[in-house]
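**Student:** kindly return the folded structure for what I paste below:
(one chain, ligands or ions: 1)
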Amino acid sequence: MKRSIPSFISERNVIIKEQGKTFGFIYPATYDIAMGGMTAITLGALVNSLSDWRFERFFLPWNPYIEPNSVEHEVPLSKMDILGFTSQFEPDYLVVGWILKKAGIPINNIKRRNSKSKYPPVIVGGPCSGANPFPLLDFVDGFFLGDAENSLSNLLKMIEEKGIEEFWKNPSEFNEIKGFWTPHSLESKEKSYSGLFSNKNFEDIAGSWYSRFNFTNLDTIPYPLKQTYCTLPDYHPYAPVKGETFQLEIGRGCSHGCRFCMIGSGMFNPARYRSLSRLLEIVEEGVKLTGVSKVDIFGMNLSDFPQLNELCWAVVNKGLEISIATLRPDMVNSELIQAIHKGGQTSLTIAPETGSDRLRHRLCKLINNEQILDATQIIFEAGTKILKDFFLIGLPTESEDDRNAIIDLVKKQNQIAQNSGVKEHLIRVDVNPMVPKWQTPLKNWVYNFLPENRPRLRDAVGHIYSQLNKMPDIRPKQVSVNEFLAQTWLTHLEEPINTLIESIPLESHTPISKNIGYYLHKYRDKLDTLLKNIWQDFRMSNWQVKHRIRATNITDRIFTRQYALVINK
Ligand code: SF4
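**Tutor:** Numbering: from 1, shown residues only. Okay, here's the model as predicted:
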């Protein structure tokens with residue numbers, strides 16, 4: 001047996017429990033990419049804290065000939081008692097499905113349930129499955145809705161008490177757990193696997209979706225202090241991005257309500273923060289127990305944390321290094337950037353989204369170019385070497401002038417960097433097509449991904465890339481529109497994804513996540529018809545935004561009103 005990561009990777013603080021039922025966590029990516037996040041660290045600490053359970057990690061294997069065995073005990077996926085994964089992006093479903101297939105586990109949940117081989121149930125959490133569960137109804141055995149810690153621990157306790165057999169026999173009983181829902185409870189009604197693009201009605205699940213579970217006080221959740229990290233040096237090609245850091249999550253949810261953003265649409269709201277005193281306590285103990293000298297500060301609503309300056313200074317004054325996630329330009333201030341610099345971070349990321357104030361305000365991102373340029377000034381004057389900008393393209397009402405405004409804004413930022421006298425500065429620019437996500441007012445804005453409009457979208461992306469690429473000190477990222485098209489197709493899928501997973505050959509896994517568009521190619525006509533129908537219905541219904549389920553207290557009427565504000569109707 002081989003584990004799914006190369007033998008030269010060494011880690012600290014891995015918890016290896018010998019006893020207990022097993023919860024296998026599947027990362028839909030190779031080790032270097034996967035270990036950047038906090039989800040597995042949080043869930044691992046929680047599962048291992050339960051006396052009857054232990055946590056095992058599985059990664060997309062590096063080598064197609066290696067079985068996806070666990071890192072902790074090198075056991076196969078099929079030997080786990082229960083499996084889980086998080087859905088950050090829809091293409092992850094295909095990668096997880098491929099890993100299950102590779103391990104000989106049926107991807108159809110009915111087959112797993114009815115099999116005498118006792119396969120583990122597969123549970124999913126995260127934003128994508130919480131926004132649109134339909135592609136997964138025949139694939140997974142349970143959904144976590146909202147913050148997963150409480151629901152996971154209650155689920156594992158209930159399974160421990162009643163046995164997995166009871167989960168398979170009477171799944172509806174488990175719907176009593178707040179923030180958990182199993183699609184097997186639909187079975188007595190009309191659930192049956194009928195292939196791709198059939199029409200089914202799953203209104204029954206709507207109530208469960210709306211009653212998700214979110215903690216009101218994050219200070220009450222136990223925080224993982226002795227965190228696992230990889231000890232490969234940063235320059236090693238297989239080293240995870242975050243390296244030897246202690247991860248500090250300061251909050252969840254966001255109150256800004258940007259109209260393209262699932263986080264802002266309320267699935268994780270209200271916006272909540274840990275208290276400053278609790279965060280400082282966590283840093284104090286965590287750094288000691290983990291044995292690192294760098295703290296990675298992140299959170300969905302990072303910049304809005306009222307004591308962010310104080311927190312960063314307190315961390316650096318302890319002699320620790322800092323790395324920090326994307327900042328909102330209007331919250332950038334000299335005191336904060338100086339703390340970040342003192343903490344050794346010489347690159348920063350902001351997300352202007354567009355170069356046009358008009359468009360940005362329509363998206364409800366209430367910042368303007370002046371604030372972005374002020375933030376740029378502060379960032380470079382403090383000696384920052386690298387600034388990374390995130391932009392979106394393909395927005396409603398976007399004109400050629402708006403797209404050119406991205407180029408102008410980056411040029412102005414570069415001018416500021418040059419004037420600030422920072423030697424060898426660089427501005428990295430990502431201009432990504434906007435994926436119209438479920439549970440947002442722009443859900444039905446599939447216009448740019450319609451077959452007839454894609455060439456225009458590609459030209460627009462290519463034009464910005466070529467213009468920025470000509471300029472010194474600016475490094476635009478080359479973007480594949482197909483990657484975002486694949487995401488859009490999968491975001492809008494209302495039927496089981498199983499057929500798509502089945503079509504991915506076992507032998508050509510490397511790297512699945514990069515080739516999703518290629519694997520979806522043979523379904524292109526059907527997937528395009530799906531987008532055309534969405535657009536047609538949207539137009540015919542006088543631009544009514546309709547979700548098949550409601551995941552927050554925002555109704556379709558409110559989403560429709562917000563869409564109208566975007567297009568100024
Ligand atoms: S500020 Fe960021 S996280 Fe919050 S709604 Fe806007 S894009 Fe989403």
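
**Student:** quick one, what contacts the closest residue to the ligand within the stretch 201-350 of the chain?
**Tutor:** At 2.4 Å from the ligand, G264 is the closest residue in the stretch 201-350 of the chain, using Cβ to the nearest ligand atom. Glycine gets a C-beta too; all of them are placed from N, C-alpha and C. Contacts were defined as Cβ atoms under 8 Å, 6 or more residues apart in numbering; by that measure G264 touches 254-258, 364, 440.

**Student:** please check those and keep the buried ones.
**Tutor:** Listed as buried from the contacts of G264 are 254, 256-258, 364, 440; burial here means 16 or more other Cβ atoms under 10 Å.

**Student:** and whichever helix in the chain runs longest, what does it pack against?
**Tutor:** Looking across the chain with DSSP state H, the single longest helix is helix 400-419. For helix 400-419, the packing partners by 3 or more Cβ pairs under 8 Å, 6 or more residues apart in numbering; DSSP states H and E come out as helix 369-381, strand 386-393, strand 426-433, helix 454-469.

**Student:** could you point out the helix or strand that follows the last one?
**Tutor:** Yep, that's helix 454-469 we're talking about. strand 474-476 (DSSP states H and E).

**Student:** and that following strand, what's buried?
**Tutor:** Within strand 474-476, the residues that qualify as buried are 474, 476, counting by 16+ other Cβ under 10 Å.

**Student:** which is the next helix or strand following it?
**Tutor:** The helix or strand immediately downstream of strand 474-476 is helix 481-492, counting by DSSP H and E.

**Student:** give me the helices and strands touching that following helix, please.
**Tutor:** Against helix 481-492 (3+ Cβ pairs under 8 Å, 6+ apart) you get helix 91-102, strand 426-433, helix 454-469, helix 516-520, helix 524-540.

**Student:** what about the residue of the stretch 201-350 of the chain closest to the ligand, distance to P476?
**Tutor:** G264 sits 26 Å away from P476, going by Cβ to Cβ, to the nearest Å.

**Student:** what about the strands in the stretch 51-200 of the chain?
**Tutor:** Using DSSP state E, counting those that start in this stretch, the strands of the stretch 51-200 of the chain run over 53-58, 82-86, 122-125, 142-144, 180-181.

**Student:** and of the helices and strands packed on helix 481-492, who's closest to the ligand?
**Tutor:** Nearest of the helices and strands packed on helix 481-492 (Cβ to the nearest ligand atom): strand 426-433, 12.9 Å.

**Student:** can you pull the pLDDT of S4?
**Tutor:** We note a pLDDT of 68 for S4 in this prediction.

**Student:** what about the closest residue to the ligand within the stretch 101-250 of the chain, how many residues close to it?
**Tutor:** When scored by Cβ to the nearest ligand atom, the stretch 101-250 of the chain has P127 as its residue closest to the ligand, at 10.8 Å. Residue crowding around P127 was assessed by other Cβ atoms under 10 Å; the count is 22.

**Student:** show me what contacts the nearest residue to it once chain neighbours are set aside?
**Tutor:** Excluding its sequence neighbours, the residue lying closest to P127 (Cβ to Cβ, 6 or more residues apart in numbering) is M262, at 5.1 Å. Each residue near M262 by Cβ under 8 Å, 6+ apart is listed here: 127-128, 131, 437-440.

**Student:** just the ones of those in helices?
**Tutor:** Of the positions in the contacts of M262, 127-128, 131 sit in helices, assigned by DSSP H.

**Student:** out of these, who's nearest I324?
**Tutor:** P127 (21.6 Å; Cβ to Cβ).

**Student:** ok, the closest residue to K21 other than its chain neighbours to G125 distance?
**Tutor:** Beyond its immediate neighbours in the sequence, the residue positioned closest to K21 (Cβ to Cβ, 6+ apart) is D81, lying 4.2 Å away. If you measure D81 against G125 using Cβ to Cβ, the figure is 17 Å.

**Student:** give me the more crowded residue out of those two.
**Tutor:** Counted by other Cβ under 10 Å, D81 and G125 do not tie: G125 has more neighbours, with 25 against 19.

**Student:** how about that one: which residues does it bridge to?
**Tutor:** According to DSSP bridges, the partner residues bridging G125 are T86.

**Student:** I'd say it and F144 touch.
**Tutor:** Yes - between G125 and F144 there is a contact at 3.5 Å, judged by Cβ atoms under 8 Å.

**Student:** how about the helices in the stretch 251-400 of the chain?
**Tutor:** Ranges of helices within the stretch 251-400 of the chain are 276-290, 308-317, 334-342, 357-362, 369-381, 400-419, based on DSSP state H, counting those that start in this stretch.

**Student:** any regions of the stretch 401-550 of the chain where pLDDT drops low?
**Tutor:** Applying pLDDT under 70 to the stretch 401-550 of the chain picks out residues 508-514.

**Student:** from it, which residue is nearest to the ligand?
**Tutor:** Distance from the ligand to each residue of the stretch 401-550 of the chain (Cβ to the nearest ligand atom) is smallest for T440, at 9.5 Å.

**Student:** so who does the residue lying closest to that residue once chain neighbours are set aside touch?
**Tutor:** Take T440 and drop its neighbours on the chain: the residue closest to it by Cβ to Cβ, 6+ apart is S265, 4.9 Å away. The contact partners of S265, taken as Cβ under 8 Å, 6+ apart, are 257, 439-441, 552, 554.
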